[in-house]
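K.L.:
dropping a prediction and its sequence here:
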Amino acid sequence: MSLAILLLAAGSASRMRGGDKLMEQVMGRPLIAVMASRALQVTNLVLVALPGPDHCRTRALSGLAVTPVAVLDVSEGMGASIRTGVAALPQQTEAVMILPADMPDLTTADLRQMATLWQAHPDALHRATASDGTPGHPVIFPARLFPALRRLSGDTGARAVLKGESILPTALPARHALTDLDTPEDWAKWRAAHQP
């Protein structure tokens with residue numbers, strides 16, 4: 001079955017006060033490259049929503065077999081990234097896992113767990129949760145919801161598409177589904193917790 005992963009990496013990272021959270025080093029590589037590599041271990045169909053072809057994030061993906069997707073109206077918010085990325089999916093795609101790129105605790109095993117559960121229930125909407133059941137990311141949308149995703153706007157992500165849907169939760173370890181790092185303080189706290 002054809003599952004794509006859409007990595008959301010077009011945001012401005014304005015809360016980093018001049019830094020770029022997706023270029024922060026994780027295991028000796030920029031976070032965006034780490035997340036793309038993990039996604040490629042799950043499917044060979046990985047699209048990355050990016051600010052543009054000349055951006056440092058695009059260059060950081062050099063050598064990885066991902067499809068860069070430029071989001072021209074990135075200032076609009078996350079809706080533009082999802083809309084543009086879903087519109088770029090190959091026609092035969094049966095589902096898309098939407099994955100924010102600023103979540104370094106999400107492992108290849110987590111993404112594979114999501115993909116395996118989707119294979120068992122391919123027409124369902126799957127959402128990762130923390131171990132305590134708190135909803136998080138990623139979310140897998142079946143192709144029947146692609147038209148609604150292509151109509152998104154604003155900065156609320158896909159919340160409007162989730163409404164009214166029956167969602168199958170997938171519990172991931174600890175807070176893997178929740179940890180996103182938006183500020184220098186977030187990064188400092190995360191690094192302190194992950195010191196060997």
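P.N.:
Noted; the coordinates are in hand.

K.L.:
what's opposite the residue most central in space within the chain in the beta bridge?
P.N.:
For the chain, residue 99 is the residue whose C-alpha lies nearest the centre (CA atoms, centre = their mean; 1.4 Å). Residue 99 has these beta-bridge partners by DSSP bridges: residue 7.

K.L.:
just checking, it touches residue 32?
P.N.:
No. Judged on CB atoms under 8 Å, residue 99 makes no contact with residue 32 at a distance of 11.4 Å. In short, each C-beta sits where N, CA and C put it, glycine included.

K.L.:
give me the common contacts of these two.
P.N.:
Shared contacts of residue 99 and residue 32, defined by CB atoms under 8 Å, 6 or more residues apart in numbering, are found at residue 7.

K.L.:
helices and strands around the lengthiest strand in the chain, which ones?
P.N.:
If you go by DSSP state E, the chain has its longest strand at strand 135-142. In terms of contacts (3 or more CB pairs under 8 Å, 6 or more residues apart in numbering; DSSP states H and E), strand 135-142 is packed against strand 95-100, helix 108-120, strand 125-129.

K.L.:
quick one: the second one to strand 95-100, angle?
P.N.:
Per axes from the mean of the first three to the mean of the last three CA atoms, to 10 degrees, the angle that helix 108-120 makes with strand 95-100 is 150 degrees.

K.L.:
residue 57 falls within a helix, correct?
P.N.:
Yes. Counting by DSSP: H, G, I helix; E, B strand; the rest coil, residue 57 is part of a helix.

K.L.:
give me the buried positions along the lowest-mean-pLDDT helix or strand in the chain.
P.N.:
Every helix and strand in the chain was compared by mean pLDDT, DSSP states H and E; the lowest is helix 159-162, with a mean of 84. Using 16 or more other CB atoms under 10 Å as the test for burial, helix 159-162 gives 161, 162.

K.L.:
got it, and stretch 131-143?
P.N.:
Per 16+ other CB under 10 Å, stretch 131-143 contains these buried residues: 136, 137, 138, 139, 140, 141, 142, 143.

K.L.:
would you turn the residues you listed into JSON lines with pLDDT?
P.N.:
Output for the buried residues of stretch 131-143, formatted as JSON lines (pLDDT from 0 to 100):
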{"residue": "136", "pLDDT": "94"}
{"residue": "137", "pLDDT": "95"}
{"residue": "138", "pLDDT": "96"}
{"residue": "139", "pLDDT": "96"}
{"residue": "140", "pLDDT": "97"}
{"residue": "141", "pLDDT": "96"}
{"residue": "142", "pLDDT": "96"}
{"residue": "143", "pLDDT": "96"}
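
K.L.:
before we move on, back to that, which of the helices and strands packed on strand 135-142 is buried the deepest?
P.N.:
Of all these, strand 95-100 has the most neighbours on average by mean count of other CB atoms under 10 Å, namely a mean of 25.

K.L.:
what packs against that one?
P.N.:
strand 3-8, helix 78-87, helix 108-120, strand 135-142.

K.L.:
that concludes my questions; thank you for your assistance.
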